[in-house]
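> Have a look; sequence and predicted model below, questions after that.
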Amino acid sequence: MSTTVTDPIDRLLDAAQSGKSLIKNRDVLHFTHIPDLILHRDPEQEQLTQSLIPILMNSRPSNLLVYGKTGTGKTLVIQKVLSKIQKRVEEGSFPIKLAYTNAKQETTLYGLLVSFGRQLGLSGQKTNDEKMWLPSTGLSISEVFNRILYVISKHETNAVFVIDEIDYLAELIQKTGKDVLYQITRANERLETGSLTLIGVSNDLTFKERLDPRVISSLSEEEVVFTNYNLNQIKQILNARIQVAFSEGIVEDAALNLCSAMASRESGDARRAIDLLRVAAEIAERTQSAKINEEHVRKASQKIEENKEIVALKSYPLHEKLLILAVMKSSEISTGETYMTYKALCKEIRQKELTQRRVTQMLSEIEMSGIISGRIVHQGTHGNTKKFKITISPDIIKETFKDELALQDIL
DNA sequence: ATTCCACAGGAAACAGTGGTCC
DNA sequence: GGACCACTGTTTCCTGTGGAAT
């Protein structure tokens, strides 16, 4: 007896299992995979290779800065170039070690150095050689740095530190006054064997202004700038991925054009274009469509936005969530009023309220994420205040917060 | 011209946590 | 076991802002 499968989940599972899925190769639909599919970056690859060639000759290459907005392929190109160089270096003789970290994700100087140390082989557990041990906390920054130099020297490594979003590190340094970048750029003076090269990657062309002039001089020995992709280039990049990811004729021209247009409008971001295409393909697949059309792309764009909002909302601590709920209660609400409402909400759920200073700070942070918007209003004798309003649908907020136990009484 | 209000937001201090070092 | 380190989240204190009211 044959049964007709009507359940959409079963349909999707069956299609995937029988190999009839719309998407042939999912990996290609993630920007950070497949560095060979990075197009239009030959001059930058050449420039980067040129600066790093001294490694092959066993001498210290220049430190360098790489600029370019999100989705211009900076990181992929660095990975590609370094892995090619790595292959050329005879194994074991004088190895290259690439250590990558993102300064935005590593929110502390200590964390950033530990991340490098671990990639170079420093252990998280106690070892016989005490200097090869790098605990995740407890040491002074300078001791962590000493141990990193020790491991480089001991293994005679050519270490290449890639610091993505290095502008965040510059901020940290400014805040703490501990100039790790200066130490890194001058490390070679302390190393008798092995070397340390720094590649700083940044989206912000002006971040250098915040650095110590001594660091600028050694860090800007070479600079590589990745320009934004234009509409045509994005189209070609998408096309290259489409050919690998789908069977022929699956993506309609109009959909491709819209994807490229949307991404190039947002500062030539190829990552965004590929994300858009992936989500559109998933939507098309879910709706049992045989092709990917403009409508799928539009829906994908909307979905990506909504997902961003939900992730941001979920990540907030309780008091930020209370503030969002306080702002949500009126169409436009001043800082003072928000604080009063927030205090009332705290009382309702029996939480100790924070000070107004802290609340102002939190409101600015939430505003930065785009979930609320604020405008300064000058009220003369009644002083200046900031009026906040919510920028996303209250339904999304309620839906996202409904699982939070502490908030259930006030929703 | 001066005063006033309701904040914004910088700086410094503090409490607490989780670790190492000697 | 006490000194020390890094870090986060917070409080306290303070100065600056700008248009209406006086």
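Right, received. Where do you want to start? This one's a predicted model, so the numbers in the text were calculated from it and none came from an experiment.
> need the residues of the stretch 101-250 of chain A near DNA strand C, please.
Applying Cβ under 7 Å from any atom of the strand, one finds that the stretch 101-250 of chain A approaches DNA strand C through A:107-111, A:137-142, A:176, A:178. Where C-beta positions appear, they are placed from N, C-alpha and C, glycine not excepted.
> Can you say which of those residues are buried?
For those, a burial check counting by 16 or more other Cβ atoms under 10 Å picks out A:109, A:110, A:111, A:139, A:141.
> just the residues you listed that are near DNA strand B?
residue A:139.
> Which residues of the stretch 101-250 of chain A lie near DNA strand B?
Counting by Cβ under 7 Å from any atom of the strand, the stretch 101-250 of chain A sits next to DNA strand B at A:135, A:136, A:137, A:138, A:139, A:143.
> Which parts of chain A are strands?
Assigned by DSSP state E, chain A shows strands spanning A:64-68, A:96-102, A:158-164, A:195-202, A:222-226, A:333-334, A:372-378, A:384-390.
> could you give me the average pLDDT of the third one?
If I follow you right, that is strand A:158-164. Averaged over strand A:158-164, pLDDT sits at 91.
> Could you figure out how far that strand is turned away from strand A:96-102?
20 degrees (axes from the mean of the first three to the mean of the last three Cα atoms, to 10 degrees).
> And strand A:158-164, how far out from the chain middle?
17 Å (Cα atoms, centre = their mean, to the nearest Å).
> what do you get for the fourth one?
Remark: strand A:195-202 is offset 18 Å from the chain centroid, using Cα atoms, centre = their mean.
> Determine the set of other helices and strands touching it.
strand A:64-68, helix A:74-88, helix A:141-154, strand A:158-164, helix A:166-176, helix A:180-185, helix A:187-190 (3 or more Cβ pairs under 8 Å, 6 or more residues apart in numbering; DSSP states H and E).
> Of all the ones you listed, which one comes closest to residue A:18?
Closest approach to residue A:18 among those is made by helix A:74-88 (33.5 Å; Cβ to Cβ).
> any idea how far residue A:222 is from residue A:78?
For residue A:78, the distance to residue A:222 equals 13 Å [Cβ to Cβ, to the nearest Å].
> typo on my end, it should be residue A:291
Residue A:291 is 46 Å from residue A:222, by Cβ to Cβ.
> quick one: which of these two has more around it?
Higher neighbour count among residue A:291 and residue A:222: residue A:222, with 17 against 13, using other Cβ atoms under 10 Å.
> That one: what's it in contact with?
Applying Cβ atoms under 8 Å, 6 or more residues apart in numbering, we find residue A:222 in contact with A:47, A:51, A:62, A:63, A:64, A:65.
> out of those, which are buried?
For these, buried by 16+ other Cβ under 10 Å: A:47, A:51, A:62, A:63, A:64, A:65.
> which one is residue A:270 nearest to, not counting chain neighbours?
residue A:71 (4.6 Å; Cβ to Cβ, 6 or more residues apart in numbering).
> How many residues are close by that neighbour?
Residues lying near residue A:71 (other Cβ under 10 Å) number 23.
> got the contact list for it?
Applying Cβ under 8 Å, 6+ apart to residue A:71 gives the contacts A:31, A:229, A:263, A:268, A:269, A:270, A:271, A:272, A:273.
> and with 10 Å instead?
Contacts for residue A:71 (Cβ atoms under 10 Å, 6 or more residues apart in numbering) come out as A:31, A:226, A:228-229, A:234, A:237, A:263, A:266-275.
> Quick check: phi and psi on the residue in the stretch 101-250 of chain A positioned nearest to DNA strand B?
Using Cβ to the nearest atom of the strand, the single residue of the stretch 101-250 of chain A nearest to DNA strand B is residue A:138, 2.3 Å away. Main-chain dihedrals, residue A:138, degrees, to the nearest 10: phi 110, psi -30.
> ok, now which ones touch it?
Residue A:138 is in contact with A:110, A:144, counting by Cβ under 10 Å, 6+ apart.
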